[in-house]
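> can you look at this prediction? I've put the sequence above it.
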Amino acid sequence: MHLDDEGNVLLTQAQLSGINAGVAQGESLLLAAPTSSGKTLIGLLAASSWLRGGDGLSRQVIYLVTHRALARQKFKELRQPNFLSIFDIGPDELLLATGDEVVDAGDAPVDDPLAGRLIVATYEKYLALLAGSGLRHDMSHVCIVADELQILGDQNRGRAVEVLLTIIRSAEYGQFVGLSAVLSQKDSETIAGWMGVKLVAESVREVPLTYELRTSVNTYEWHTDRGDEVFEISAKKPTRVIEILNELAADADANFPVAVFCMTKRRIGELIAEWGRRCPTVDPQLDLSFEEPTASSAILASSLPKGFGVHTADLIDVERAIVEERLEQDELPIIFATTTLAQGLNFSFKTVIFDHWARFVFAQRQEFPIPYSEFHNIAGRAGRLGLQDRGRVILNANSGAQTRAASKYLTPDLSEIQLGYLDVSDFEAVALQLISSGLAASREDLLTFLSDSLTGYVERDRTRDVEEDWNRKLDATVGRLREWGFIK
């Protein structure tokens, strides 16, 4: 939601569709729409209407996010008095739950982490809280807002998220609102069907983007508001990050602020060293005295006065707060970041530069292009709704093979992700978690859980007769758990 020049409220198509689908009347849905479509408003609208509806004192909202940095940012936003008033809750009823801490809006530690009326939590932390307190079989008083729901397809984290959502699904939640910018139509239909919710899908990006793929001989452009055609531009443009930044600086008003995304912290170090040598000090009075100096604080002390900064997982809270406050105040023209900054953080960038778009996989000793969904989630940090009227994304390719690989990103088609990470042949860890938390007490309970999972939903869609295979593998799982002495 944003305002026009006369102060009138403007809704995006995604927001209007979500409202028409009944999100403020307790209807459950999955909203799949491009970045910068205003999906966050739909989540907040669901939360506020849920807390104010029915018997408000017994109602609860869980706002699930993918990363601690995003949880902190969302918590910082919601703790403002105007939001507390909208939700009709007190500061002690708004909680932040991450792997680091569980605190209320007054920064006080919380004895009962599940007692808050509005809890902002990472997926894994909320799963741990449920498991630690004994899983609840009735969640009809709870509204779940699940942001960045494509996390279900993450190779490393998808299983834990699937376990959590299977628990929520089985516990008969009150309302479920899923949000994602990078799910394909098929994957959106699968997840919505599994959760038993309405699918609201929009394809038009409210703030258009221009993608530039720069090679050693020419440039390819794709404009999200001009259909599927990719234009070949004969002019050769700079491909190195430092040269691109120099080019953009020639028209800073049109191009800055800029986010440069790197695959490794080492690469960030190389770039900031080279860029720092070229930059004069623009803010010599900036006070950057840290009580606990670290390697990161030393980098910030040398870079922020020159008008650029870094954002990585290594930053401690006080360092991250300084960087993010300057981003929020539009006082940081350039940021060099790892992909942690891309995970839904709503900072304003006019341009996104990919230093590289492939990640080295040590197990296979080679680089692989990052998934389409991850690439476009990062690219979506450019051109934020209500802040810019257009965004720009720049990537490079230094060979014919790289050009062919990178050209796949210049398309509006979303690739499908893997859904269903529960492996019945390797089910011991999940089984133990379910048994210890009280959700499962027998082999039959484990079979029911598997049947209710996304894996079960997907497998039944592929092969209707799967229960015989599940039973055989579960017998082996239960046998091993008994042999190891975990169950009787």
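Everything's here; your move.
> which parts of the stretch 351-488 of the chain are strands?
With DSSP state E, counting those that start in this stretch, the ranges of strands along the stretch 351-488 of the chain come out as 351-354, 358-361, 366-369, 391-396.
> with the stretch 151-300 of the chain instead?
175-180, 198-201, 209-214, 219-223, 230-233, 258-261.
> got the angle for the third one vs strand 219-223?
Spelled out, that is strand 209-214. Strand 209-214 and strand 219-223 meet at an angle of 170 degrees, taking axes from the mean of the first three to the mean of the last three CA atoms, to 10 degrees as the criterion.
> tilt between strand 209-214 and strand 391-396?
Taking the same axes, to 10 degrees, one finds strand 209-214 and strand 391-396 inclined to each other by 20 degrees.
> any idea of the mean pLDDT for stretch 64-84?
Confidence over stretch 64-84 (mean pLDDT, whole number) is 92.
> check stretch 440-457 too.
In this model, stretch 440-457 carries a mean pLDDT of 89.
> quick one: distance of that stretch to the chain centre.
Its chain's C-alpha centre lies 28 Å from the corresponding centre of stretch 440-457 when counted by CA atoms, centre = their mean, to the nearest Å.
> please save the CA atoms from that stretch in CSV.
What follows is stretch 440-457 as a C-alpha-only set of coordinates in CSV (Å, rounded to 0.1, in the frame of the first residue of the first chain):
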residue,chain,number,x,y,z
ALA,A,440,3.6,-39.4,17.6
ALA,A,441,3.2,-42.3,20.0
SER,A,442,3.1,-45.2,17.7
ARG,A,443,4.1,-46.5,14.3
GLU,A,444,0.6,-45.7,13.0
ASP,A,445,1.1,-42.1,14.1
LEU,A,446,4.3,-41.8,12.1
LEU,A,447,2.5,-43.2,9.1
THR,A,448,-0.2,-40.7,9.5
PHE,A,449,2.3,-37.8,9.8
LEU,A,450,4.0,-39.0,6.6
SER,A,451,0.7,-39.2,4.8
ASP,A,452,-0.2,-35.7,5.9
SER,A,453,3.2,-34.2,4.9
LEU,A,454,4.0,-32.4,1.6
THR,A,455,6.2,-35.4,0.7
GLY,A,456,3.2,-37.7,1.0
TYR,A,457,1.0,-35.3,-0.9
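> before we move on, back to that, for the strands of the stretch 151-300 of the chain, give me CSV that also has mean neighbour count.
For glycine as for every other residue, the C-beta is placed from the backbone atoms N, C-alpha and C. Listed next are the strands of the stretch 151-300 of the chain as CSV, based on neighbours: other CB atoms under 10 Å:
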stretch, mean neighbour count
strand 175-180, 26
strand 198-201, 19
strand 209-214, 22
strand 219-223, 18
strand 230-233, 12
strand 258-261, 25
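> who wins for proximity to residue 429 among those strands?
Comparing those against residue 429 with CB to CB, the closest turns out to be strand 175-180 (25.4 Å).
> if I follow the layout properly, residue 42 ends up in contact with residue 18?
Yes - at 4.0 Å, residue 42 and residue 18 qualify as touching, with contact defined as CB atoms under 8 Å.
> hey, where'd the strands end up in the stretch 1-150 of the chain?
Shown for the stretch 1-150 of the chain, the strands assigned by DSSP E, counting those that start in this stretch span residues 2-3, 9-10, 29-32, 60-65, 94-97, 102-104, 118-122, 142-146.
> mind putting the ones you listed into a markdown table with distance to residue 251 and mean neighbour count?
Output for the strands of the stretch 1-150 of the chain, formatted as a markdown table (distance: least, CB to CB, whole Å; neighbours: other CB atoms under 10 Å):
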| stretch | distance to residue 251 | mean neighbour count |
| --- | --- | --- |
| strand 2-3 | 25 | 12 |
| strand 9-10 | 28 | 10 |
| strand 29-32 | 35 | 27 |
| strand 60-65 | 35 | 25 |
| strand 94-97 | 40 | 24 |
| strand 102-104 | 44 | 19 |
| strand 118-122 | 39 | 26 |
| strand 142-146 | 40 | 25 |
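> so which of those strands gets nearest residue 243?
For the strands of the stretch 1-150 of the chain, distance to residue 243 was read as CB to CB. The smallest value, 34.8 Å, belongs to strand 2-3.
> what about the stretch 201-350 of the chain, any weak spots by pLDDT?
Across the stretch 201-350 of the chain, the ranges flagged by pLDDT under 70 are 340-346.
> tabulate the strands of the stretch 351-488 of the chain (TSV), appending distance to residue 37.
As requested, these are arranged in TSV below (distance: least, CB to CB, whole Å):
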stretch	distance to residue 37
strand 351-354	17
strand 358-361	27
strand 366-369	25
strand 391-396	13
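> would you mind saying which of those lies nearest residue 297?
With CB to CB, the closest approach to residue 297 among those belongs to strand 351-354: 25.0 Å.
> what strands flank that closest one, and is each parallel or antiparallel?
Using DSSP bridges, the strands paired with strand 351-354 in its sheet are strand 258-261 (parallel), strand 391-396 (parallel).
> which stretches of the stretch 151-300 of the chain form helices?
With DSSP state H, counting those that start in this stretch, the ranges of helices along the stretch 151-300 of the chain come out as 158-170, 185-195, 241-249, 252-255, 265-278, 295-303.
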